[in-house]
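> Any chance you could fold what I've pasted below:
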Amino acid sequence: MLTVQVRLFATLRRHFPDLKLGEAMSVELPDGATVGQLIAHLGLPPQEIKTVFVNNLIREMESPLADGDVVGIFPPVGGG
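Reported below is the predicted structural model:
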């Protein structure tokens, strides 16, 4: 098993309403899990995911995770 720290940003936080702003949650996954498997494990709709950072680097859905990774998940963001 591996444990990662996950932070959800902007509209994605609504999927976990008990999380405080900026709070990370610990998530346990099987060894060899990928970013995409983490998204599925959390039950986040893939179409709502724009960017995933692992240890401050942008990663793809196929990227493997390692024990202790810090993951930030962002939706598409508009502004102006």
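> going forward, measure contacts between C-alpha atoms and count neighbours the same way
Fine.
> what's the span of stretch 59-74, first residue to last?
12 Å (Cα to Cα, to the nearest Å).
> Count the neighbours of residue 15 for me.
13 (other Cα atoms under 10 Å).
> What of residue 56?
Neighbours around residue 56, by other Cα under 10 Å: 11.
> Residue 25 now?
Other residues close to residue 25 by other Cα under 10 Å number 16.
> Ramachandran angles for it?
Main-chain torsions, residue 25, degrees, to the nearest 10: phi -120, psi 140.
> tell me the contacts of it?
By Cα atoms under 8 Å, 6 or more residues apart in numbering, residue 25 lies in contact with 5-7, 19.
> Type out the PyMOL command that picks the buried ones from the residues you listed.
In PyMOL, a selection of the buried entries from the contacts of residue 25 looks like this (16 or more other Cα atoms under 10 Å):
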select buried, resi 5+6+7
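> so which of the contacts of residue 25 comes closest to residue 72?
Ranked by distance to residue 72 (Cα to Cα), these are led by residue 7 at 4.9 Å.
> Please tell me I have it right and the closest one contacts residue 72.
Yes. Using Cα atoms under 8 Å, residue 7 is in contact with residue 72, at 4.9 Å.
> one step back: with pLDDT, secondary structure and distance to residue 42 added, can I get the contacts of residue 25 in JSON lines?
Below are the contacts of residue 25 laid out as JSON lines (pLDDT from 0 to 100; DSSP: H, G, I helix; E, B strand; the rest coil; distance: Cα to Cα, whole Å):
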{"residue": "5", "pLDDT": "98", "secondary structure": "strand", "distance to residue 42": "12"}
{"residue": "6", "pLDDT": "98", "secondary structure": "strand", "distance to residue 42": "10"}
{"residue": "7", "pLDDT": "97", "secondary structure": "strand", "distance to residue 42": "12"}
{"residue": "19", "pLDDT": "90", "secondary structure": "coil", "distance to residue 42": "13"}
